[in-house]
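>>> predicted model and sequence below, questions to follow.
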Amino acid sequence: MLAVLAVSILAALAPVEQQADKQLVATITGPELRGGIIAEVTWDDGVLMMQGVFAEPGGELKAHYLVTAADGMSIEKRDAQSEASARYWKMKASRMSPTGLGHIESATDTKMPQFGIGSLERRIGEAIDMGGTQTKSVLKLGPLILLERNGPDPYDGETWSWSPAELNRIAYVDGKGDLWIARADGRDARRLLRGDYTLPAWSDDGRTLAVAERKDSGRRWEISVIHLPEFFRSGR
């Protein structure tokens, strides 16, 4: 069991520009962060909400971190996720787009690394010495590969977010951490930003994307709102 803390960001957002404009909302730091992660980023009627998951190595539940709001923002701690936020996460994390046009499929490929030529017993021994078998996870949307990385599948909603139905698009993070937007059927993929992003969250009005970005190997997190160019705010 993990400790969960919801933090709402009451954001005085800047006007939407014609190009992608990233606006810092909050920074999460702490000398005792200890591997804590941001597990969800959601919207509740224009209020941006984050949920962090933190635990001591021995299982004791503590949240050792500091959340600092950016200029023009305010932070309000919540005891639990709101009903609207929970509904939003269910929609955004679904493997089926709101209109039914797109469906995300996953696959894994597990193989034993080839460290040299030799007997099967030798190669198994070398694989164990080097960390065992390797598993590659792949997420696909029609012909488009959304994500390809070593390790298990991401949990639903970790690396993608559907837009409002009228826009019929998807925002997603690839295996490198870059942020992309494509149409809900996987066509016309365009990179929006390079970085180490996760948890994209498309706002209800379709004008912005919230996103979490890992900094300093996960010792610091930044939550930002990206104001989308007109092209991505149109269903055409």
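Nice, thanks for sending it over. Residues are numbered from 1 along each chain as shown.
>>> can you name the residues that contact the closest residue in space to Arg183 that isn't next to it in sequence?
Of all residues not flanking Arg183 in the chain, Arg169 sits nearest, at 5.7 Å (C-beta to C-beta, 6 or more residues apart in numbering). Using the backbone N, CA and C atoms, a C-beta is placed for each residue, glycine as well. Contacts for Arg169 (C-beta atoms under 8 Å, 6 or more residues apart in numbering) come out as Trp162, Ser163, Ile181, Ala182, Arg183, Ala184, Trp202, Phe232, Gly235.
>>> take the residues you listed and lay them out in JSON lines including secondary structure.
Below are the contacts of Arg169 laid out as JSON lines (DSSP: H, G, I helix; E, B strand; the rest coil):
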{"residue": "Trp162", "secondary structure": "strand"}
{"residue": "Ser163", "secondary structure": "coil"}
{"residue": "Ile181", "secondary structure": "strand"}
{"residue": "Ala182", "secondary structure": "strand"}
{"residue": "Arg183", "secondary structure": "strand"}
{"residue": "Ala184", "secondary structure": "coil"}
{"residue": "Trp202", "secondary structure": "strand"}
{"residue": "Phe232", "secondary structure": "helix"}
{"residue": "Gly235", "secondary structure": "coil"}
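>>> I'd assumed Thr68 was in contact with Thr29.
Yes: using C-beta atoms under 8 Å, Thr29 makes contact with Thr68 at a distance of 7.3 Å.
>>> so the two - more neighbours on which side?
Thr29 (15 against 10; other C-beta atoms under 10 Å).
>>> pairing partners for the more buried one in the sheet, please.
For Thr29, the beta-bridge partners are Leu66 (DSSP bridges).
>>> of the contacts of Arg169, buried ones?
Trp162, Ser163, Ile181, Ala182, Arg183, Ala184, Trp202, Phe232 (16 or more other C-beta atoms under 10 Å).
>>> where does pLDDT dip in the chain?
1-19, 30-37, 53-67, 109-134, 235-236 (pLDDT under 70).
>>> repeat the analysis, applying 80 as the threshold.
Within the chain, the segments meeting pLDDT under 80 span 1-20, 29-38, 51-81, 108-135, 151-152, 217-219, 234-236.
>>> centre-most residue in it?
By C-alpha atoms, centre = their mean, the chain has its centre lying nearest to Leu199, at 1.8 Å.
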